[in-house]
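# kindly generate the corresponding structure for this input.
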Amino acid sequence: MVQNKHNEKYLDQAQMLSNKVKKKYKHLNKRYSKQNIEIFRLYDWDIPEIRAVVDWYAGHLVVAEYVRKSSDPAWLEIMARAVAQTLGVDMAKVHLKQRYSGYQDGNRYERVAHTDKKIVMSERDLKFYINLHDYVDTGLFSDHRNTRQMVREISQGKDFLNLYCYTGSFSCYAAKGGAKTTVSVDRSDTAIQWTKENMELNGISLKENTLIKAHTFDFLEKARKKGQMFDIAVVDPPSFSSSRDSRHHFDITKDHPALLKSVVELMHKDSGSTIFFSTNHQDFEFCMDQFVVGESSAYESKRSERSGLETGASEDGGSDTQRCFVKEIKEITPITIPEDYITPKKKIHRCWKIIV
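Purely as a prediction, here's the structure:
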């Protein structure tokens, strides 16, 4: 009797999910096809009792459950079969995933399979390798397609830095936008190799587009010592990450000021350099008290060409080594989230534009 009640409940939920997905697909598919966007979101926990996310990948479906202790292993497949039938997708092209909250967020590259199968999909006039089998994340964070276009539009002739580069999509956009150089940094061999493949796929030469396997803070320190400078930077770290040595543990809540200060040091100061900083941490709050925003004539007279961090004692008795001077910090989240990722429940990410 209990099992029958569960089955009835699951079938009702599957019908509700299918109706939502069908309506969203009809609304988005024609428009995105004209823009050559093959990856977009169809559902993200819009109905409280249906803890699922559904993404369209050029005829494939990725259906994931936000897992909790009471999750039933049978539930996800019932939801996926219903959605696939509604959209006419063969189950061989349906990929089931489980998503977890909390500290697992940092396990961006943890494998769930070992097929090594990648297929090419388009976003506007660029192409990217997608792996629908081996990881929870497939190789392209489609919620940042607007942000990538923003980067492309200002990249002409600029030196571009991409930290936590993942598979290099921001770097590909910058290069296609005419960036003079790009530098892509990630601690993962998988990410660096994937970035290389995406650049080659888009006809981007590696001569002026450098790939660096390194922990971010190690790279930033070496770049500062070498005097490397950039005009644009994208900083999109995981909420949490860990390593075998505690020196490389990262928690965005407490570590983002130090991270951003180190990036500011590497930005050109005479041309309004831009940092795009983003996070998908749902409870994140930007720590503004360690930043001084706006021009200061006293500060400008002392500021070196190399660094946006001022040293010595400040007028209020505090140490200026703890303060970071920038021209502007503005949250731009609303214009960076595409239509298909807008939900009343949460923001898929938050994003700030920092002018140095």
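
# for the rest of this, base every contact and every neighbour count on C-alpha atoms.
Fine.

# burial count for residue 341?
Using other Cα atoms under 10 Å, residue 341 has 19 other residues around it.

# ignore the last one, residue 196
20.

# cool, residue 335 as well?
12.

# so who does it touch?
By Cα atoms under 8 Å, 6 or more residues apart in numbering, residue 335 lies in contact with residue 146.

# what's the separation between it and residue 292?
Computed with Cα to Cα, to the nearest Å, the distance linking residue 335 and residue 292 is 25 Å.

# helix, strand, or coil at residue 121?
strand (DSSP: H, G, I helix; E, B strand; the rest coil).

# for it, give the beta-bridge partners.
Beta bridges link residue 121 to residue 128 when assigned by DSSP bridges.

# touching, it and residue 127? I think so.
Yes. Residue 121 lies in contact with residue 127 (Cα atoms under 8 Å); the separation is 5.6 Å.

# give the residues shared as contacts by these two.
Joint contacts of residue 121 and residue 127 (Cα under 8 Å, 6+ apart) do not exist.

# any buried residues in stretch 115-125, and which?
121, 122, 123 (16 or more other Cα atoms under 10 Å).

# just after the helix or strand of the chain with the lowest mean pLDDT, pick out the following helix or strand.
Within the chain, no helix or strand scores below helix 297-302, which has a mean of 39 by mean pLDDT, DSSP states H and E. Sequence-wise, the next helix or strand downstream of helix 297-302 (DSSP states H and E) is strand 324-326.

# name the helices or strands packed onto that next one?
strand 291-293 (3 or more Cα pairs under 8 Å, 6 or more residues apart in numbering; DSSP states H and E).

# any weak-confidence spans in the chain?
1-6, 101-109, 243-246, 295-322 (pLDDT under 70).

# could you chop it up by domain?
2-99, 137-355 (automatic domain parsing).

# of those domains, which is nearest residue 110?
domain 137-355 (9.3 Å; Cα to Cα).

# first to last residue in the closest one, what's the distance?
So domain 137-355: terminal residues 30 Å apart, Cα to Cα.

# distance between that domain and the chain's centre?
Between the centre of domain 137-355 and the centre of its chain there are 11 Å (Cα atoms, centre = their mean, to the nearest Å).

# what does stretch 132-149 give?
7 Å.

# got the buried residues for that stretch?
Neighbour-count burial for stretch 132-149 [16+ other Cα under 10 Å]: 132-140, 142-145, 147-149.

# ends of that stretch, how far apart?
24 Å.

# show me the strands in the stretch 151-300 of the chain, by range?
159-163, 181-186, 209-213, 232-235, 240-241, 250-251, 274-279, 291-293 (DSSP state E, counting those that start in this stretch).
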